[in-house]
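Engineer: Need a 3D model of the sequence below.
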Amino acid sequence: MSPLILVLMLISLSMGTLITVTSTHWFLAWVGLEINTFAIIPLMTQNYKPRAMEATIKYFIIQTTAATMLLFASISNAWLLGQWDIQQMNHPLPLTMISIALALKLGLAPMHAWYPEVIQGLNLPTGLILSTWQKLAPFSFLLKLPSNNAILLTILGLLSILMGGWGGLNQTQLRKILGYSSVAHLGWMVLVMQYVPSLSLLAFMTYVIMTFSMFFTFWCSQSTTINALSTSWTKTPILSALTPLILLSLGGLPPLTGFLPKWMILLELTKQELMMVATMAALSALLSLYFYLRLSYAMTLTTSPNNLPATLPWRINFIQPTMPLATTTAISLCLLPLSPTILTLFSL
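Structural biologist: Numbering: from 1, shown residues only. Sure, this is the predicted structure:
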C-alpha cells in the first residue's frame with residue numbers, strides 16, 4: 001500500500017471514530033460508524049491472501065448487519081417517540097435492538113464468534129487496530145445510552161467473561177487467544193457500565209494499553225503460534241522475560257496494572273448488592289488466567305531444543321519501533337501504585 005493511501009485511510013479511520021464519539025444525533029453517529037468501517041477494510045486487505053480476504057468479507061458482513069440494525073432501531077425510536085437524540089432512547093424495544101447491534105459490533109458474547117476468526121486472518125498491526133481503536137466508537141455509544149437495560153448488559157457481560165475464557169482454552173494461535181481475551185475484557189467493561197461509566201472507561205484504557213503491549217511483543221518476536229513463542233527467547237531474551245508479567249497483568253493479578261480495573265469493578269458490584277454476579281465474574285476470569293499462564297509457561301518456563309545457529313538471532317537489529325513497546329510495557333506493569341490518583345482523575 002502506498003504511503004499516501006495509508007495516511008488517507010488512517011485519517012478516515014480517526015475522523016469516523018471522532019464523529020461517532022462527539023455526535024449526539026443518531027444519524028451522524030451512524031455515518032461515523034460507516035466511515036470507520038469502510039476505512040479499515042483497505043488496511044485489512046493490504047496483504048492479498050485468501051485468509052485475509054475471507055476475514056475482510058466476514059468483518060464487512062457483520063459490521064454492515066450491525067449498522068443496519070442500529071439505523072433501523074434509531075428510526076423506530078424516532079417514529080415512536082419523535083426523538084433523534086441518543087440520550088432520549090427511552091423506548092424499550094429500540095433500546096434493546098441498539099444494545100444487541102452494538103454488542104455485535106464489539107464482539108460481545110453470544111455474538112462473538114466472528115471476532116477471533118476475523119482477527120486470525122489479519123496481520124498483527126491491523127489486528128491491533130481492530131482490537132483497540134475499532135472498539136472505541138461502539139463503546140462510546142454504549143456509554144451514551146440510557147441505563148434502562150441493566151439486565152441485558154449484565155447478561156452480555158457475564159456471558160462475554162465466560163465465553164472469552166472458555167473459548168481461549170484450547171487455542172494454539174496467538175491472535176485467536178488475544179481475540180478471546182478481548183471478548184472477556186469487554187465483558188468486564190459492560191458489566192459495570194450502567195453503574196459507574198467512568199470505571200468502565202478506566203477498564204477500557206487499561207485494556208488498550210495491555211493489548212497494545214502484547215501485540216507489539218508478538219510483532220517484535222515474529223510469533224503467531226505457541227510453538228513460535230516457545231523459541232522466541234533466542235530472538236528477544238529480555239522481552240521473553242517481561243512478557244509473562246504482561247500476560248499476568250492481562251489476567252488481573254496484583255501487583256500489576258490489570259488488577260486495578262477488576263478490583264474496582266468487583267468492589268462496585270458488591271456495593272450494588274450484586275454479590276452473585278461478582279462471584280460469577282471472578283470465577284469466570286480464572287479461565288482466562290489459565291491460558292495466560294499457559295502462554296507464560298510455553299514462553300519462559302520451558303526451553304525448546306535449539307542448535308547453535310538458531311540461538312544467534314538476538315544479534316540482529318529489528319526494524320520494528322521499540323519505544324511504544326517499552327512505554328506500554330512499563331505502564332502495564334507499574335501503574336497500580338498510582339491507582340488513587342487515577343481514580344481521583346476519573347471521578348472528576
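Engineer: buried set for the helix or strand residue 105 falls within?
Structural biologist: Here residue 105 sits within helix 92-106, counting by DSSP states H and E. By 16 or more other Cβ atoms under 10 Å, the buried positions in helix 92-106 come out as 94, 95, 97, 98, 99, 100, 101, 102, 103, 104, 105, 106. Heads up, the C-betas are built off the backbone N, CA and C, glycines and all.
Engineer: CA atoms only for stretch 32-41, dumped as PDB, please.
Structural biologist: C-alpha atoms of stretch 32-41 as PDB (Å, rounded to 0.1, in the frame of the first residue of the first chain):
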ATOM      1  CA  GLY A  32     -19.300   8.000  11.700                       C
ATOM      2  CA  LEU A  33     -19.600   4.200  12.200                       C
ATOM      3  CA  GLU A  34     -19.900   3.600   8.500                       C
ATOM      4  CA  ILE A  35     -16.800   5.800   7.700                       C
ATOM      5  CA  ASN A  36     -15.000   3.900  10.400                       C
ATOM      6  CA  THR A  37     -15.900   0.500   8.900                       C
ATOM      7  CA  PHE A  38     -15.000   1.400   5.300                       C
ATOM      8  CA  ALA A  39     -11.700   3.000   6.300                       C
ATOM      9  CA  ILE A  40     -10.300  -0.200   7.900                       C
ATOM     10  CA  ILE A  41     -11.200  -2.500   5.000                       C
END
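Engineer: buried ones in that stretch?
Structural biologist: Buried residues in stretch 32-41, counted by 16+ other Cβ under 10 Å: 32, 33, 34, 35, 36, 37, 38, 39, 40.
Engineer: sorry, back to before: got the contact list for the helix holding residue 105?
Structural biologist: 33, 62-63, 65-67, 69-70, 72-74, 76-77, 80, 89, 111, 135, 138-139, 141-142, 145-146, 148-149, 152-153, 156, 186, 190 (Cβ atoms under 8 Å, 6 or more residues apart in numbering).
Engineer: Now that we have those residues, which of them are buried?
Structural biologist: For the contacts of helix 92-106, a neighbour count by 16+ other Cβ under 10 Å gives the buried set as 33, 62-63, 66-67, 69-70, 73-74, 77, 89, 111, 135, 138-139, 141-142, 145, 149, 152-153, 156, 186, 190.
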